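> With the sequence up front, the predicted model follows.
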Amino acid sequence: MKQTKILLIEDEPNVSSFIKQGLEEQDFSVDAAFDGKMGLSLFSKNQYDLILLDVMLPHISGLEVCKEIRTSDTSTPILMLTALSSSSDIVSGLDTGADDYLVKPFKFQELLARIRAMGRRKQIGTGVLYKIADLELDVNTKGVKRNSKTIKLTPKEYYLLNYLFRNKGVLVSRAEIAANIWEESFEKGSNIIDVYINYLRNKIDKGFEKKLIHTVMGMGYILKEETGS
């Protein structure tokens, strides 16, 4: 079985050592970088299955590192590690291309759970083409099209649409979306799911007569062909 290779970009030596040792004890292969410049250098020279990225880094911030990585790699999962915990900080991190967000301090078992979940998301539906009306999502390439026009999504928007496709025609609650897409990083009372649903609507439904993403007030969302919401 192929060993999972992780790039850890973390400037605090004690935190980096703790994470690296713990992951290697779980049979992961870990390369550690202590600033953004070193992290980008390692990324350019190696192939990784997952990137653990601190936000507050010397030389180049984690947000800039994430943006740079996403210019050439849209598929490698990126989990941001940071002490910044407000909803606006989380949205900023996700909007740069991160797949998930873990707030410090965290328990090591929580980190492992996130890594396993991100691994499952990466493997879900390999080679599958989802389709509803004129909207298509290719799981293999992570490409999304509507009426043959390519739609560019952030990683979080992609995973949210993927989840809606996997539950096509089924009402999914905010709690279910939080558990499957945001996991433990979801703050109760946060409107971040509604924000991302609106992001998707603006890219998927705006300008089209037939709306595909529908709200069931007080209950959740559903991806279906019927008109109305």
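The structure has been received and is ready for your questions.

> so how far is Thr74 from the most centrally placed residue in the chain?
The centre of the chain sits closest to Asp99, judged by Cα atoms, centre = their mean, with a distance of 1.9 Å. Plainly put, Asp99 is 11 Å away from Thr74 if you go by Cβ to Cβ, to the nearest Å. Using the backbone N, CA and C atoms, a C-beta is placed for each residue, glycine as well.

> got any residues that touch both of the two?
Jointly contacting Asp99 and Thr74 under the rule Cβ atoms under 8 Å, 6 or more residues apart in numbering are Pro155.

> Ile78: what's it in contact with?
50-51, 53, 66, 69, 97-100, 155.

> These, buried ones only, as a PyMOL selection?
Only the buried entries of these go into this PyMOL selection, using 16 or more other Cβ atoms under 10 Å:
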select buried, resi 50+51+53+66+69+97+98+99+100+155
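
> Among the contacts of Ile78, name the ones in strands.
50-51, 53, 100 (DSSP state E).

> Distance to Phe165 added to those residues, as TSV?
Formatted as TSV, the ones in strands among the contacts of Ile78 follow (distance: Cβ to Cβ, whole Å):
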residue	distance to Phe165
Leu50	23
Ile51	25
Leu53	27
Asp100	19
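
> Kindly reformat those as TSV containing distance to Ile19 and pLDDT.
Formatted as TSV, the ones in strands among the contacts of Ile78 follow (distance: Cβ to Cβ, whole Å; pLDDT from 0 to 100):
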residue	distance to Ile19	pLDDT
Leu50	12	92
Ile51	13	95
Leu53	12	95
Asp100	15	81
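
> picking up where we left off before, enumerate every residue touching the residue nearest to the centre of the chain.
Here Asp99 is in contact with 77-79, 118, 121, 155-156, 159 (Cβ under 8 Å, 6+ apart).

> quick one: pLDDT of it?
Model confidence at Asp99, expressed as pLDDT, equals 79.

> Phe18 versus that one, what's the distance?
22 Å.

> for Asn140, same thing?
36 Å.

> Now do the buried residues in the lengthiest helix in the chain.
Ranked by number of residues, the top helix in the chain under DSSP state H is helix 108-123. Of all the residues in helix 108-123, those buried under the rule 16+ other Cβ under 10 Å are 111, 114-115, 117-118, 121.

> Check which helices and strands it sits against.
helix 13-25, strand 50-54, strand 78-82, strand 100-103 (3 or more Cβ pairs under 8 Å, 6 or more residues apart in numbering; DSSP states H and E).

> so can I have CSV of the ones you listed showing distance to Met38?
As requested, the helices and strands packed on helix 108-123 are exported to CSV (distance: least, Cβ to Cβ, whole Å):
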stretch, distance to Met38
helix 13-25, 11
strand 50-54, 12
strand 78-82, 16
strand 100-103, 21
